[in-house]
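Participant: Got a predicted model here, sequence first, then my questions.
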Protein chains: 2
Amino acid sequence: LLSRIRLPALHARITSANEAANWIQNGMTVGMSGFTRSGDAKMVPLALAERALHDPFQITLMTGASMGGDVDKLLTESHVIARRMPFQSDPVLRAAINRGEVMFIDQHLSETVEHLRAGQIAPIDVAIIEAIAITESGAIIPSTSVGNSASFAILAEKVIVEINLSQPLALEGMHDIFIPGKRPHRDPIPVMSAHDRVGTTAIQIDPAKIVAIVITDKLDSASTVTPPDAETDAIAGHLIAFFEQEVAAGRLSNALLPLQAGIGSVANAVLAGFKDSPFRHLTMYSEVLQDSTFDLFDAGILDFASGSSITLSSKKHDEVFNHIERYKDKLILRPQEVSNHPEVIRRLGIIGINTALEVDIYGNVNSTHTGGTHMMNGIGGSGDFARNAYLSIFTTKSVAKGGKISSIVPMVSHVDHTEHDVDIIVTEVGLADLRGLAPRERAPCIIQNCVAEPYRSMLFEYIKEAQTRGGQTPHVLEKAFAWHTRYRETGSMLKSTE
Amino acid sequence: LLSRIRLPALHARITSANEAANWIQNGMTVGMSGFTRSGDAKMVPLALAERALHDPFQITLMTGASMGGDVDKLLTESHVIARRMPFQSDPVLRAAINRGEVMFIDQHLSETVEHLRAGQIAPIDVAIIEAIAITESGAIIPSTSVGNSASFAILAEKVIVEINLSQPLALEGMHDIFIPGKRPHRDPIPVMSAHDRVGTTAIQIDPAKIVAIVITDKLDSASTVTPPDAETDAIAGHLIAFFEQEVAAGRLSNALLPLQAGIGSVANAVLAGFKDSPFRHLTMYSEVLQDSTFDLFDAGILDFASGSSITLSSKKHDEVFNHIERYKDKLILRPQEVSNHPEVIRRLGIIGINTALEVDIYGNVNSTHTGGTHMMNGIGGSGDFARNAYLSIFTTKSVAKGGKISSIVPMVSHVDHTEHDVDIIVTEVGLADLRGLAPRERAPCIIQNCVAEPYRSMLFEYIKEAQTRGGQTPHVLEKAFAWHTRYRETGSMLKSTE
Ligand SMILES: CC(C)(COP(=O)(O)OP(=O)(O)OC[C@H]1O[C@@H](n2cnc3c(N)ncnc32)[C@H](O)[C@@H]1OP(=O)(O)O)[C@@H](O)C(=O)NCCC(=O)NCCS
Ligand SMILES: CC(C)(COP(=O)(O)OP(=O)(O)OC[C@H]1O[C@@H](n2cnc3c(N)ncnc32)[C@H](O)[C@@H]1OP(=O)(O)O)[C@@H](O)C(=O)NCCC(=O)NCCS
């Protein structure tokens, strides 16, 4: 334990999760570590959920991104969460959000702590941060994610640290904690390439703020990413072929540009696709580092990866963490306000690959809402990357729900990314390169390349009618959502005759 | 003339507009200076329009932003423009775009030259740049706008310069030409405050590229901004009151933060409103500097203004240009890739004030399309600012077309700015502060504060029904555009009984 809590004065703060949870009272704003299910606060949240069963109270809960370990589920079931930001991916919480019981503020992942720092949202009363250790000076060394932990700890009035013994001490040195200054007197973020270290390896705060330390050895939750299938492989194939063309055209080198890959199966499959590609000396400047990142390291194809968290399948977890030294000089974990900072993304010239729920014929993307109304996870970092990337790519399977839903629709039922921010769309059918095209050109390009029958003909029919109405972006407004309405009413976007 | 063309070798390149126009051939991509009707190429474009009447040809036309002097109109009438980017505001061109005759690529103003530099859109064959002078080394000193002129001249194969004798030589020294490096090896943009000079005062290119010089004394077109009215004054009043509250809450100082104000009457009126405000030592980091900028200088309220162009009414034009020395150390004109750069906007903490065509109950904004289909002007810089601002404010009158159109609708018929990027909405009715609110909270806040009857009750009715459907963002998709459809069919969004 001495190697984990190196400031002796803090040993007296070690306590149980239940005791620590008492620092959190009704009406407070709580910031928890956790990003894509890793490095999340694990014990105190459960103690909170437990306590609320007999002592009801509510909080505003902020995290980095999604939590593992059923934290969001249990807190929802205990009615602890009144407000939640900036991202979640739990089915139980999602249902409560969609019933209007939890107010969910869906934010660009780079922005939450900007608002906090500027006092534009309620300040954090208590931060709960998972750590591998606390240094001699009382600085917190995060575990498998940085997320918003650094700014939460710095801005919070009180800090609870969960020391997780299952997280290897070898992670020390892998983090790079840099916090942008207060505006308007902010200096540039000095990250000039994915491997630049610009900060410290721990989060320095006044140790007097650390009111409780809880010891645990609970593992990170495993990634829930599903394995590649024929469609995700096809998507990966189209993308690799496209990158080869870009290299042939002289626009990209064989090292491409720093890659960002969103959460989920498609992103993982696309990265896996690089294993059999001619590209070398790749780098990543991304959010979450998944199994595929380590496969590419092992294959000698990836030189460096910068992210905000490491989220692995249980199989990969042991492989990686038993040999973490192997990757140590190839990895940096950063605060999400740096991994996702518009300034850095624009400067480095990122190739951003994110997943859409639905895309429309003009290239607008919906990443968050099913049926235009119901929240899936949130926009996450997709906006930070899509807006500022050198190339903004969106992937999706061309259909969902066994073909009853077309992922390419006349008009998306919710817009997260406007056509201005979408360069390339890829489905298993093919790839649409939209660069330099006007909306009337984008539509046939997307329909022809990314959609299979019968939806292809249905979309061509739609634009034919829409063009009689004229405009830069022809639409028949009263039919724009007819497919969504049909799905709601009949369970399929297909007409009964089709 | 010697003071205007200081490199003697170039005197031989002086020629007529007609001669110069011969450098432009069918199929070429032409980049012209011009941003919000100022500093635009004036003579060669007209010669092109003239020539096309008997010798038809087509080009791709890129500019900074909108052109004055009927350039877009005449080129459209002569069918010269096949493709146009990134912005326009001419009624004749707009009609051709909406008929599908001109392909209009509507882009974030900071991005056009990023795409060019990266070879992602067709390269520029000829640049036509208005200048006040050419230096001893052949560098081009722009006139009343910088826009995309610098990168166009640098990236073009050939350059035509229009020396405009009506533009005062006293403008020399006011420009700050800084061009971001090629990615992935780009350094930070070193602008740390609105008044930082980081570049040169002229655009340095190889003078051998200057194939023709045309002399003119044609004036910039006057601004078309309409004067303030009761509604724009009310909007300005609500905003000033809001800023006062922010100062009282300790979030802003009396100098606020650098202001950006979009094009148009509302922006002008809002800035004019500062004249009777308690704020002092204001700065602007904006795109276009309008009449109000100079009024605020004269009132001693504004300390410094950075922009990409100066566009004045004819009355103000003489006042300002007869005493331009007065303003010289208070003004910088920058390339639009710097004035609008996400990096700088995020760093400085801009207060961005832009105008919406329509807004929906959840705070999504349409800045470009009427009826969801027909282009007005383009997104311009509004996305660059709204996404990265410290505070993103959108203004609009609550109704248009004498009340037949509600500017606040159940769902916007086109999305340019998603709810994530919209903090404040102001109409003449009042101001909605959306910071930290979830969609279900945003809706009543917007309806209550920004909408007058009868639309207010109609919107409350809509959300009541929508909430029976549930979701993070409740909607009745089949009715979401019913108001737009009714307007199209009956000429009013009001039901016939209302
Ligand atoms: C968009 C996103 C949900 C896709 O995730 P994924 O795991 O690849 O998606 P799937 O294809 O498995 O689809 C998820 C569910 O949505 C359903 N779905 C997919 N497309 C749909 C559509 N157009 N309409 C309705 N439902 C749809 C699927 O059927 C599936 O339903 P199920 O959970 O009942 O099986 C996910 O990438 C996301 O949350 N993105 C936003 C955040 C982000 O992009 N972050 C990037 C930076 S990390
Ligand atoms: C949105 C924008 C068009 C508003 O400009 P404005 O001059 O303040 O707007 P007006 O209120 O005069 O409206 C312009 C026209 O649209 C019409 N209009 C306004 N709201 C409308 C709506 N909801 N539906 C249909 N038409 C509408 C007006 O009636 C007017 O029509 P008219 O030309 O026939 O009189 C303008 O700000 C713009 O182009 N913005 C996008 C670019 C931008 O924001 N740049 C900012 C950085 S510089």
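Facilitator: Okay, I see it. Ligands and ions are numbered 1, 2, ... in the order given.
Participant: residues in chain A within reach of ligand 2, list them.
Facilitator: By CB under 6 Å from any ligand atom, no part of chain A sits against ligand 2. Placement of C-beta: from N, CA and C, glycine included.
Participant: By mean pLDDT, which helix or strand of chain A comes out lowest?
Facilitator: Ranked by mean pLDDT, DSSP states H and E, the weakest helix or strand in chain A is helix A:265-273, scoring a mean of 86.
Participant: What helices and strands are in contact with it?
Facilitator: helix A:230-248, strand A:259-261, helix A:291-298, strand A:351-355, strand A:391-395 (3 or more CB pairs under 8 Å, 6 or more residues apart in numbering or on different chains; DSSP states H and E).
Participant: what about that helix, near ligand 1?
Facilitator: Yes: contact of helix A:265-273 with ligand 1 (CB under 6 Å from any ligand atom) involves A:S265, A:V266.
Participant: any residues touching the following helix or strand past that helix, and which ones?
Facilitator: Sequence-wise, the next helix or strand downstream of helix A:265-273 (DSSP states H and E) is strand A:282-285. Outside strand A:282-285, the residues that touch it by CB atoms under 8 Å, 6 or more residues apart in numbering or on different chains are A:193-195, A:255-256, A:258-261, A:274, A:293, A:296, A:301-307, A:339, A:344-345, A:348, A:350.
Participant: and with 7 Å instead?
Facilitator: Counting by CB atoms under 7 Å, 6 or more residues apart in numbering or on different chains, strand A:282-285 makes contact with A:194, A:255-256, A:258-260, A:274, A:293, A:296, A:301-307, A:348, A:350, all of which sit outside it.
Participant: can you check stretch A:455-472 too?
Facilitator: Contacts of stretch A:455-472 (CB under 7 Å, 6+ apart): A:361, A:406, A:408, A:410, A:439, A:443, A:447, A:451, A:474-476, B:97-100, B:104, B:369, B:373-375.
Participant: just checking, A:Q58 touches A:R83?
Facilitator: No: assessed by CB atoms under 7 Å, A:Q58 is found out of contact with A:R83, at 8.4 Å.
Participant: Comparing the two, which residue is more hemmed in?
Facilitator: A:R83 (20 against 17; other CB atoms under 10 Å in any protein chain shown).
Participant: pretty sure that one is in a strand, no?
Facilitator: Yes: A:R83: assigned to a strand according to DSSP: H, G, I helix; E, B strand; the rest coil.
Participant: Could you verify my assumption that it touches A:M62?
Facilitator: No: A:R83 lies out of contact with A:M62 (CB under 7 Å); the separation is 8.7 Å.
Participant: So which bits of stretch A:445-463 are buried?
Facilitator: Applying a neighbour-count criterion of 16 or more other CB atoms under 10 Å in any protein chain shown, the buried positions in stretch A:445-463 are A:C445, A:I446, A:I447, A:N449, A:C450, A:V451, A:Y455, A:R456, A:M458, A:L459, A:Y462, A:I463.
Participant: Can you report phi and psi for A:V409?
Facilitator: Backbone torsions for A:V409, taken as degrees, to the nearest 10, come to phi -130, psi 170.
Participant: so what pLDDT did whichever residue of the stretch 251-400 of chain A sits closest to ligand 2 get?
Facilitator: With CB to the nearest ligand atom, the shortest gap between the stretch 251-400 of chain A and ligand 2 falls at A:R387, namely 16.0 Å. A:R387 is assigned a predicted lDDT (pLDDT) of 98.
Participant: any idea which element it lies in?
Facilitator: Going by DSSP H and E, A:R387 is in helix A:382-388.
Participant: that older thread, just put the helices and strands packed on helix A:265-273 in CSV and tack on mean neighbour count, mean pLDDT and distance to chain B.
Facilitator: Formatted as CSV, the helices and strands packed on helix A:265-273 follow (neighbours: other CB atoms under 10 Å in any protein chain shown; pLDDT from 0 to 100; distance: least, CB to the nearest CB, whole Å):
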stretch, mean neighbour count, mean pLDDT, distance to chain B
helix A:230-248, 18, 96, 9
strand A:259-261, 28, 96, 12
helix A:291-298, 21, 94, 19
strand A:351-355, 27, 97, 10
strand A:391-395, 26, 98, 8
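Participant: Low-confidence stretches in chain A?
Facilitator: The model of chain A has pLDDT under 70 over residues A:497-498.
Participant: interface residues of it facing ligand 1?
Facilitator: Counting by CB under 6 Å from any ligand atom, the residues of chain A near ligand 1 are A:262-266, A:287-288, A:354-355, A:357-358, A:367, A:370, A:376-377, A:379-382, A:400-401, A:405, A:407.
Participant: How many residues are close by A:N366?
Facilitator: With other CB under 10 Å as criterion, A:N366 counts 23.
Participant: Please report how far it lies from B:E50.
Facilitator: To B:E50, A:N366 is 47 Å away according to CB to CB, to the nearest Å.
Participant: Same question for A:I345.
Facilitator: From A:I345 to B:E50 the distance is 45 Å (CB to CB).
Participant: And A:N148, by the same measure?
Facilitator: On the measure of CB to CB, A:N148 and B:E50 end up 60 Å apart.
Participant: What's the biggest strand in chain A, counting residues?
Facilitator: Ranked by residue count and defined by DSSP state E, the top strand of chain A is strand A:126-134.
Participant: Of the residues of chain A next to ligand 1, keep whichever come out buried.
Facilitator: A:262-266, A:287-288, A:354-355, A:357-358, A:367, A:370, A:377, A:379-382, A:405, A:407.
Participant: A:D125 - how many residues pack around it?
Facilitator: 18.
Participant: Mind listing residues that contact stretch A:331-342?
Facilitator: So stretch A:331-342 is contacted by A:35, A:64, A:109-110, A:113, A:145-148, A:150-151, A:174-180, A:189, A:191, A:195, A:197, A:287, A:305-309, A:344, A:381, A:384, A:387-388, B:342-343, B:346, B:388 (CB under 7 Å, 6+ apart).
Participant: re the thing from before, which helices and strands sit right next to whatever helix or strand comes next after the longest strand of chain A?
Facilitator: Moving toward the C-terminus from strand A:126-134, the next helix or strand (DSSP H and E) is strand A:140-142. If you count contacts as 3 or more CB pairs under 7 Å, 6 or more residues apart in numbering or on different chains; DSSP states H and E, strand A:140-142 packs onto strand A:126-134.
Participant: And for the strand it packs on, what's in contact with it?
Facilitator: In contact with strand A:126-134 (CB under 7 Å, 6+ apart) are residues A:3-7, A:10, A:23-24, A:28, A:30-33, A:39-42, A:44, A:140-143, A:149, A:152-153, A:156, A:158-164, A:167, A:169, A:171-172.
Participant: Equivalent analysis for stretch A:96-110, please.
Facilitator: A:65, A:76, A:81-88, A:93, A:336-337, A:340-342, A:368, A:374-375, A:378-381, A:383-384, B:420, B:436, B:438, B:440-441, B:467, B:470-472.
Participant: No more questions from me, cheers.
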